[in-house]
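Q: generate a structure from the sequence data that follows.
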Amino acid sequence: MASTASSSNPKPDQYADPLATTPDQLAFLPHDNAGPKLNAVIWVLTALSGFVLALRIYCRLSRSNLWFDDMFLIAAWACITVESALLTAMTRLGYGLHIWDFDVMNNMPPLLVLVNVAGTFSVTAAIWSKTSFGITLLHLTNGWVKKTVLFIIISMNIAMGLSALFPWVNCTPLRKAWDMFAEGTCWAPEVTVRYNIFSGVWSACSDIALALLPWQFISGLQMKKKERLGVGVAMSMGIFAGITGLVKVSQIPKMLSSDFADGVDVWLWGNAETTVTIIAASIPMLRVMIRDVAVSRRAYGSSDYHKDGLSSGKRNTRVVTISSGRVGRETEIAKQLNDDDSDKGILEDGHDASKRGCIVQTNDFQIQYDRRDVEKGR
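A: As a prediction, this is how the structure comes out:
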């Protein structure tokens, strides 16, 4: 199970040897570099997720204060940004080149240090982004759904946390994890890869479960079917993160390839999994902002028109809100209108809303009136 160094062969077997080829054979091998592709994809995804996250934070601060789910999501984006920077540094050492074009003896040790650090940041970013959405659901649910969400959060943190830890404990002494000439032993590469497949599948299934659980309480909301569907879809965007995670898992066995350029896709999909999770976790809050803009235009927008210079008309839209509960609960209703604390104003359960004086029905109507010209009014 362990790899050892010997005096006759000081380089441990977990590092691939450059292929011993003749110049003619080398000419027929591929000499492409996947480094530029890696940099382009990870920075586009990081920038996109950062933009969406910024909109979420703006929306939250415009209505209340940041909460724990926001903090975790910000921390996740910071980690994925650090990981992207480390991956860029790796490409400057030659990562992305095929093993026969890579300077193994000089560049492998510093590259492996960056690989281990980047891997830890990548897994940590994934953990915190999923935990963020889980915290949002904890704030919105109760009963068995809340217990299920709590179990998913804890189990996912443990499973993936071990994946983040393994690069720093799989070799004795630690230095051997990146120094190919150091004396010591390391786990067989298959051990870490197989566990990463397990934790990756668990993580992806957690994303899918967290995306489907909101439908349990959304179905009981007292709102229009179209509105309920919109809330459900917004809360279920995490299913795309789960799909991305499963694609990443399918790429993990490539880490055992003797040509480490094959492992570039693992980093690409790992980065995509976290950035998609950040975007998916931000969509419900962005939906609130978009909905409020639309309602504001519909509710308070007015238009003046003139016809032949004789008359003018205005159309005003008013929104009538019917709420249940005792008189004097305006403050609590206003709090719900502000969608404070993780979108709870929209996703409040309809049955509880009747007890708390929350909004249970909203009707729109339009008032149109014309102003007669003074001379035409007689």
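
Q: only C-alpha atoms for contact and neighbour calcs from this point on.
A: Will do.

Q: for residue 175, give me its contacts.
A: Residue 175 makes contacts with residue 182, as judged by CA atoms under 8 Å, 6 or more residues apart in numbering.

Q: and it, how far from residue 169?
A: Remark: distance between residue 175 and residue 169 (CA to CA, to the nearest Å) = 10 Å.

Q: quick one: common contacting residues for those two?
A: Counting by CA under 8 Å, 6+ apart, residue 175 and residue 169 have no contacts in common.

Q: next, count neighbours for residue 77.
A: The number of residues packed near residue 77 is 23, by other CA atoms under 10 Å.

Q: run through the residues that contact residue 78.
A: Neighbour list for residue 78: residue 125 [criterion: CA under 8 Å, 6+ apart].

Q: which is the next helix or strand following the helix or strand harbouring it?
A: Here residue 78, judged by DSSP states H and E, is contained in helix 68-92. As assigned by DSSP H and E, the chain's next helix or strand after helix 68-92 is helix 104-140.

Q: after that following helix, next one along is what?
A: Taking DSSP H and E, what comes next after helix 104-140 is helix 143-165.

Q: elements contacting that following helix?
A: In terms of contacts (3 or more CA pairs under 8 Å, 6 or more residues apart in numbering; DSSP states H and E), helix 143-165 is packed against helix 104-140, helix 189-212.

Q: what angle separates it from helix 104-140?
A: Taking axes from the mean of the first three to the mean of the last three CA atoms, to 10 degrees, one finds helix 143-165 and helix 104-140 inclined to each other by 170 degrees.

Q: mind listing what's buried along helix 143-165?
A: By neighbour count on 16 or more other CA atoms under 10 Å, the buried set for helix 143-165 is 145-146, 149-150, 152-153, 156-157, 159-161, 163-164.

Q: in its sheet, which strands sit next to the helix or strand just after that helix, and in what direction?
A: Sequence-wise, the next helix or strand downstream of helix 143-165 (DSSP H and E) is strand 171-172. Strands adjacent to strand 171-172 in the sheet, as given by DSSP bridges, are strand 185-187 (antiparallel).

Q: my reading is that residue 39 lies in a helix. Confirm?
A: Yes: counting by DSSP: H, G, I helix; E, B strand; the rest coil, residue 39 is part of a helix.

Q: counting neighbours, what do you get for the residue nearest to it when sequence neighbours are not counted?
A: Closest residue in space to residue 39, ignoring its immediate chain neighbours: residue 88 at 6.1 Å, by CA to CA, 6 or more residues apart in numbering. Using other CA under 10 Å, residue 88 has 19 neighbouring residues.

Q: which pLDDT value goes with residue 88?
A: With respect to pLDDT, residue 88 has a value of 96.

Q: surely it and residue 37 touch.
A: No: contact criterion CA atoms under 8 Å: residue 88 and residue 37 do not qualify, at 10.7 Å.

Q: now do the closest residue in space to residue 255 that isn't next to it in sequence against residue 102, distance only.
A: Residue nearest to residue 255 in three dimensions, not counting chain neighbours: residue 263, with 5.2 Å by CA to CA, 6+ apart. As for residue 263, its distance to residue 102 is 14 Å (criterion: CA to CA).
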